[in-house]
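>>> Here is a sequence together with a model predicted from it:
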There are 2 protein chains.
Amino acid sequence: MAWIEPEVNKKPQKPMFLCVLSNTKTAHIPKISTAGNTAELTDFTPAGDAELIETGNIISVPVLPMTPPYGTPTPAIITRSALELTDVPYNFINSGLIVTPYVPCIDMKAKPGEDIREQIAVRDVQQIFERAKFLSRRLRNQVDYVIIGESIPGGTTTAMGVLMALGYKGNVSSSSNENPIEIKKQVVEKGMKASGLIFGCLKNDPMKAIECMGDPMMPAVIGLVAGFQSTEISIILAGGTQMAAVYALIKHLGFNTEKLAIATTRYVVEDKSANFIELTRILGVPMVYVADPGFGKSSLKGLQRYETGTIKEGAGAGGAMHLAGLYGISQDDFRAEVENICRLLKTGH
Amino acid sequence: MAWIEPEVNKKPQKPMFLCVLSNTKTAHIPKISTAGNTAELTDFTPAGDAELIETGNIISVPVLPMTPPYGTPTPAIITRSALELTDVPYNFINSGLIVTPYVPCIDMKAKPGEDIREQIAVRDVQQIFERAKFLSRRLRNQVDYVIIGESIPGGTTTAMGVLMALGYKGNVSSSSNENPIEIKKQVVEKGMKASGLIFGCLKNDPMKAIECMGDPMMPAVIGLVAGFQSTEISIILAGGTQMAAVYALIKHLGFNTEKLAIATTRYVVEDKSANFIELTRILGVPMVYVADPGFGKSSLKGLQRYETGTIKEGAGAGGAMHLAGLYGISQDDFRAEVENICRLLKTGH
């Protein structure tokens, strides 16, 4: 059974939250990503997420990451709340950003991802992987519980691409209430063709799947997981279908997946246009945590819209909220903190 | 009294070692820096130091940082030994590198420093400071003892420049056994002139002193210290005259310096051409730790040359060895580890 409620009060001793920030030019394809008001503004979304998580507001990016048409605030507000309430250490990892945030990031020296309709989607897979592995080896004696989130607009399309290359039908989720799944499928088909791939043909070469169809967030997360292999460290992949794709890559690399789990929000799990739970079952994910922010009870319209599927997940929100649960923070107290953060938000200039 | 032997077995609970890596074009002035075989090769020194500390060897840089004429290996071998023996967590901070290492760094988004004979030496002092402050605020609940080292060729000249601007005569140390002190003085004089400064004129404006005469390592270290203000965290500035200059800047900014100490090697303290101890006394540094690697007892010629002042300090070596002392590691065991590392060194291709 994949759907398991968060365990309360099982507070980890040495937790850490890592958020991998990336861009892929795939997000510039019209209607692919709504993680940002326009295709071009999605370039700012990961940087804006990081600034918001660190400071409660944007600093250098022009507008707060919002999802149209009603201005639903980025799930980074959830992540910020969890980190504020728990005081858990965190770091940002720049793995191929077009726009870097004002706040410090650990640099993977990665290039932004290309449009997957090109032959090559990620140019430096192995180097990103190796660099991330250095990082997690460095962290090994500092942590016992690592939550890895992501912020990369267009990332559900690259997730679908990688899943197809590995031989899984991924009806991916979206940061929109009208999931443009047909457009994504067409983009993925074009990408497969451009790279000379057919369904499942790279099941034995996951790194190549990233190179042809993926994005620069993927080798960073996989490298982190690689550096934690053969330790007792629990790793929570915090995200929806994107982290399911990452899990698939890890599995196909032959890594030990016993210490892995996926944590996401209820909004991803309930997305009828996607097949997240089915996918995690097929992949054999040992544990899926589903966090429910209960935003239906909120008086703020921006938060209520999460309940209608306007936006679902991102910036490790589900994993961060799961962490808050482990610290014994109730859904009501958590929502109060999110509301607090929302009220202090500047929306842009 | 400034010269205090390391306390043994006072192991900190949550230590962390940070190494700030920077370049300044000041190092390109002939005979200024010998932290690298040629002026141009000094560009690679901080990156090489980081790679060596992390892996025991260079990865992407063309040659191991060596000091001519006899190929004395970089003090980063001392730092590597200490981190290997103690398992203390560490991070590298890129604050204005020309060449970045293969291993991950936290990015301050700083430009490399200009030649101090130009009007402006550091273009983005305030931004580097703010970004570093974000970083140490993030680290506040993870650490109780922070050692901050540096690797920046040409850094003793910028240190002298900043000290002059603040009103201190700094006969600075050098990574050479023939300290080109007269050349450094001439360079500093030209720099003061270019920026329209006279001795001591910036004692009330330390940030401006960095901008005119300093290097990008300085605002990063000061920003880190700023983020740790009002905590019980002990901060060890690991370096010689460069860290004395940083201490001077911190003091002139009016920060609380009670939790600060400087740790360096015996080779800096014994450098007769410099006035490190006198300077720390004038500055009122609350505590100076002097680590003695005892390389005179080594059978390796490269290490013996440390005793003749060929090379003295760098990459936080003194502070890292002080840390090893706190862990109860003896001088002999420490030297054995350094020798081990030396034997495994590739010197370049």
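Thanks, I have the structure now.

>>> any idea how far chain B is from the closest residue in space to A:S195 that isn't next to it in sequence?
Spatial nearest neighbour of A:S195, excluding adjacent residues (C-beta to C-beta, 6 or more residues apart in numbering or on different chains): A:C212 at 3.8 Å. Using the backbone N, CA and C atoms, a C-beta is placed for each residue, glycine as well. Note on A:C212: its distance to chain B, by C-beta to the nearest C-beta, to the nearest Å, is 25 Å.

>>> wait, doesn't A:C212 sit right on A:A165?
Yes. Counting by C-beta atoms under 8 Å, A:C212 does reach A:A165; the two are 6.5 Å apart.

>>> quick one: buried residues of stretch A:307-320?
A:307, A:309-320 (16 or more other C-beta atoms under 10 Å in any protein chain shown).

>>> First-to-last residue distance for that stretch?
18 Å (C-alpha to C-alpha, to the nearest Å).

>>> again with stretch A:91-105
First-to-last distance for stretch A:91-105 - C-alpha to C-alpha - comes to 7 Å.

>>> now it, how far from the chain's geometric center?
Centre-to-centre, stretch A:91-105 and its host chain are 14 Å apart (C-alpha atoms, centre = their mean, to the nearest Å).

>>> related to what we said a few turns ago, contact partners for the residue nearest to A:S195?
Counting by C-beta atoms under 8 Å, 6 or more residues apart in numbering or on different chains, A:C212 touches A:I116, A:Q119, A:I120, A:A121, A:G161, A:A165, A:G191, A:S195, A:L197, A:L202.

>>> Now tabulate the residues you listed in a markdown table and tack on secondary structure and pLDDT.
Below are those laid out as a markdown table (DSSP: H, G, I helix; E, B strand; the rest coil; pLDDT from 0 to 100):
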| residue | secondary structure | pLDDT |
| --- | --- | --- |
| A:I116 | coil | 97 |
| A:Q119 | coil | 95 |
| A:I120 | coil | 97 |
| A:A121 | coil | 98 |
| A:G161 | helix | 97 |
| A:A165 | helix | 98 |
| A:G191 | helix | 97 |
| A:S195 | coil | 96 |
| A:L197 | coil | 97 |
| A:L202 | coil | 98 |
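
>>> Could you export those as a markdown table, including neighbour count?
As requested, the contacts of A:C212 are exported to a markdown table (neighbours: other C-beta atoms under 10 Å in any protein chain shown):
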| residue | neighbour count |
| --- | --- |
| A:I116 | 31 |
| A:Q119 | 12 |
| A:I120 | 14 |
| A:A121 | 29 |
| A:G161 | 32 |
| A:A165 | 32 |
| A:G191 | 27 |
| A:S195 | 22 |
| A:L197 | 19 |
| A:L202 | 24 |
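
>>> could you pull out the helices for chain A?
A:45-55, A:76-86, A:125-139, A:155-166, A:181-194, A:206-213, A:217-227, A:241-252, A:266-269, A:276-283, A:301-307, A:317-326, A:331-343 (DSSP state H).

>>> what residue lies at the spatial centre of chain A?
The centre of chain A sits closest to A:E150, judged by C-alpha atoms, centre = their mean, with a distance of 3.2 Å.

>>> Low-confidence stretches in the stretch 51-200 of chain A?
A:67-70, A:172-179 (pLDDT under 70).

>>> What parts of the stretch 101-250 of chain A come near chain B?
A:102-109, A:130-132, A:134-135, A:138-139, A:141-142 (C-beta under 8 Å from any C-beta of the partner chain).

>>> Can you give me the distance of A:H28 to chain B?
With distances taken as C-beta to the nearest C-beta, A:H28 is found 24 Å from chain B.

>>> Give me the pLDDT for that residue.
On pLDDT, A:H28 comes in at 94.

>>> What about the closest residue to A:I29 other than its chain neighbours, how many residues nearby?
Distances taken as C-beta to C-beta, 6+ apart place A:V187 nearest to A:I29, at 5.9 Å, with adjacent residues excluded. A:V187 is flanked by 23 other residues according to other C-beta atoms under 10 Å in any protein chain shown.

>>> repeat for the one 3 residues further on
Residues contacting A:K190 under the criterion other C-beta under 10 Å number 16.

>>> What distance do you get for A:I116 to chain B?
Counting by C-beta to the nearest C-beta - A:I116 and chain B are separated by 26 Å.

>>> I'd say that residue and A:T157 touch.
Yes. Counting by C-beta under 8 Å, A:I116 does reach A:T157; the two are 6.9 Å apart.

>>> hey, what's in contact with both of those two?
With C-beta under 8 Å, 6+ apart as the test, A:I116 and A:T157 both reach A:T26, A:V187, A:V188.

>>> pretty sure the second one contacts A:G154?
No. A:V187 lies out of contact with A:G154 (C-beta under 8 Å); the separation is 9.3 Å.

>>> who touches both of those two?
A:T26, A:I29, A:I32.

>>> So what does the most far-flung residue of chain A relative to its centre look like in phi/psi?
The centre of chain A is farthest from one residue, A:G196, which by C-alpha atoms, centre = their mean lies 27.5 Å away. In terms of degrees, to the nearest 10, the main-chain angles of A:G196 are phi 70, psi 40.
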